[in-house]
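Asker: Just the structure for this:
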Amino acid sequence: MTDKAIDFSSRRKKLSELVLDDSVILLSSSNIKSRNSDSDYPFRQDSNFYYLSGFNEPESIIVIRPSAKKRKYVIFCRDRDPLREQWDGFRSGQDGAREVHGADEAYSISLIDEIMPELLEGSRNIYYSMSSPNGINMRLDNWLDHIRANKRHGSEVAENLLSLDSLLDELRLIKTKDELLLMKRAGEITCEAHVRAITNVCPGMYEYQLESEYLHAFMQGGAKFPAYNSIVGGGNNSCILHYNENSSELKDGDLVLVDAGCEYEHYASDVTRTFPVGKKFSEEQKKIYEVVLEAHQQACAEIKPGNPWIKAQEVSVKVITEGLIDLGLLKGKVEELIKEERYAKFYMHRIGHWLGMDVHDVGNYKRNGEWRDLEPGMVLTIEPGIYILDSLEDIEDKWLGIGVRIEDDLLVTENGHEVITANAPRDIKDIESLR
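Answerer: Numbers count the residues shown, from 1 in each chain. This next block holds a predicted model:
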């Protein structure tokens with residue numbers, strides 16, 4: 001399946017039903033980002049913009065006018081330009097915006113300051129993203145000033161400027177069947193990449209060479225990009241949460257922690273596996289790994305409708321604290337150590353996050369000050385870990401430099417959950433069988 005099966009018009013309709021009467025919705029595309037000199041990063045569309053339009057070009061703005069009789073959906077975009085297209089690639093132009101992307105009307109982006117005030121005039125409310133890095137705040141001020149300048153001629157300026165973010169966040173938080181097909185495919189590709197890496201890792205390889213196994217598998221599977229900068233940390237680097245230098249040599253006897261996922265048709269996967277550089281886990285590595293695996297399994301069991309999001313976090317903290325006591329890495333009573341957050345020396349992050357078009361996807365974790373309950377259609381990660389940096393004091397040498405995280409992507413279903421990245425091995429015997 002590709003994103004061409006997504007019904008973008010139904011998303012616009014749902015959003016239109018959520019806004020106040022007599023409203024206009026504005027969203028801007030991403031900009032092209034310079035890498036250096038005259039070289040740019042690959043273009044990646046703003047997630048909210050793409051979610052509503054499916055339009056994958058820069059220098060574009062969409063306008064949705066639910067109450068209008070004409071021009072309900074308008075796209076401003078670049079003109080067709082044979083010379084620039086020869087250099088930089090195809091442009092849809094205004095005809096493509098109408099015929100392929102369903103716009104009622106489309107205009108050149110060069111005409112936006114002339115036409116936009118017409119589209120905004122008379123509307124009581126204007127919704128736009130107040131958090132987007134592609135914000136249109138200054139341009140919106142100019143458009144409204146243009147309308148105000150014509151008040152004596154009967155022009156009416158909007159009374160309310162409202163944030164679009166919370167409305168879109170809630171729409172994106174609950175995935176449709178079509179979205180889930182794309183996310184499951186992203187998970188399949190990522191699992192294939194982890195199996196490939198576990199099979200091919202060897203002492204003397206560099207972290208970036210192991211990363212290349214993932215990039216190869218992603219592209220072979222149909223995913224052009226990783227969903228985020230891959231973390232490939234061997235030895236003590238496995239204890240650095242967002243390590244991304246990926247430049248050290250992998251050594252026999254060490255573990256390597258890889259947090260890597262692909263983006264498939266604008267949907268992310270996010271999976272972490274920890275495995276030996278050599279053939280087997282050491283005894284100490286096994287003991288740490290088994291605590292994390294137990295925390296992972298028990299946290300996953302809490303992913304079901306009606307359970308608060310925080311429940312999995314609480315369970316993972318309890319299991320890891322108990323495990324660290326059993327291994328002699330913490331001393332004291334479980335309840336007191338949790339209350340004092342003594343476990344945070346080894347487990348310092350939350351259990352997971354929402355997942356979707358963004359790897360740390362949108363959506364609030366609380367409602368009215370209370371942790372929100374899980375609902376069918378939500379997708380989230382479960383990723384407990386233990387990290388024992390070699391610089392920690394009063395820790396036996398045998399534990400130092402061991403970092404373990406196990407992360408999977410879970411869909412909340414009507415009756416519980418589905419692990420959509422289950423094909424990447426987690427059990428020690430399954431990992432070692434690939435070595």
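Asker: what sits against Tyr127?
Answerer: Tyr127 makes contact with 19, 23-26, 162-164, 167, according to C-beta atoms under 8 Å, 6 or more residues apart in numbering. Backbone N, C-alpha and C define where each C-beta goes, glycine included.
Asker: Of those - the most surrounded one?
Answerer: Highest neighbour count within these: Ile25, with 26 neighbours (other C-beta atoms under 10 Å).
Asker: any idea what sits nearest that one, other than its immediate chain neighbours?
Answerer: Nearest residue to Ile25 in three dimensions, chain neighbours excluded: Ile64, at 4.0 Å (C-beta to C-beta, 6 or more residues apart in numbering).
Asker: ditto for Phe55
Answerer: Spatial nearest neighbour of Phe55, excluding adjacent residues (C-beta to C-beta, 6+ apart): His101 at 5.2 Å.
Asker: next one: Lys304
Answerer: Gly416 (4.6 Å).
Asker: cool, Ile303 as well?
Answerer: Closest to Ile303 by C-beta to C-beta, 6+ apart is His417, at 4.1 Å.
Asker: Phi, psi for the one you found please.
Answerer: phi -150, psi 160 (degrees, to the nearest 10).
Asker: Please apply the same query to Lys304.
Answerer: Phi and psi for Lys304, reported as degrees, to the nearest 10, are phi -160, psi 150.
Asker: Relative to Val419, how far out is it?
Answerer: Taking C-beta to C-beta, to the nearest Å as the measure, Lys304 falls 13 Å from Val419.
Asker: hang on, the residue nearest to Lys304 packs against Ile303?
Answerer: Yes. At 7.3 Å, Gly416 and Ile303 qualify as touching, with contact defined as C-beta atoms under 8 Å.
Asker: The two: who's more crowded?
Answerer: Per other C-beta under 10 Å, whichever of Gly416 and Ile303 has more neighbours is Ile303, with 24 against 15.
Asker: Pretty sure Glu170 sits in a strand.
Answerer: No. Counting by DSSP: H, G, I helix; E, B strand; the rest coil, Glu170 is not part of a strand but helix.
Asker: ok, it - contacts?
Answerer: Glu170 touches Gly363, counting by C-beta under 8 Å, 6+ apart.
Asker: Where do the helices of the stretch 251-400 of the chain begin and end?
Answerer: Secondary structure of the stretch 251-400 of the chain (DSSP state H, counting those that start in this stretch): helices at 283-301, 310-326, 334-339.
Asker: about what we covered before: what sits against the residue nearest to Lys304?
Answerer: Neighbouring residues of Gly416 by C-beta under 8 Å, 6+ apart: 303-305.
Asker: one step back: so the residue nearest to Ile25 versus Ser131, what's the distance?
Answerer: From Ile64 to Ser131 the distance is 18 Å (C-beta to C-beta).
Asker: same check, this time on Lys333
Answerer: Taking C-beta to C-beta, one finds Lys333 at 43 Å from Ser131.
Asker: what residue is smack in the middle of this structure?
Answerer: Ranked by distance to the mean C-alpha position of the chain (C-alpha atoms, centre = their mean), the top residue is Val359 at 1.4 Å.
Asker: Hmm, Ala227 and it touching each other?
Answerer: Yes. Using C-beta under 8 Å, Val359 makes contact with Ala227 at a distance of 4.8 Å.
Asker: what do the two both touch?
Answerer: Between them, Val359 and Ala227 share the contacting residues 261, 268, 270, judged by C-beta under 8 Å, 6+ apart.
Asker: Show me what the helix ranked longest in the chain is packed against.
Answerer: Identified as the longest helix of the chain according to DSSP state H is helix 177-200. Counting contacts by 3 or more C-beta pairs under 8 Å, 6 or more residues apart in numbering; DSSP states H and E, helix 177-200 is packed against helix 207-220, strand 255-260, strand 262-264, strand 267-268, strand 271-276, strand 408-412.
Asker: Having no further points to raise, I will conclude here.
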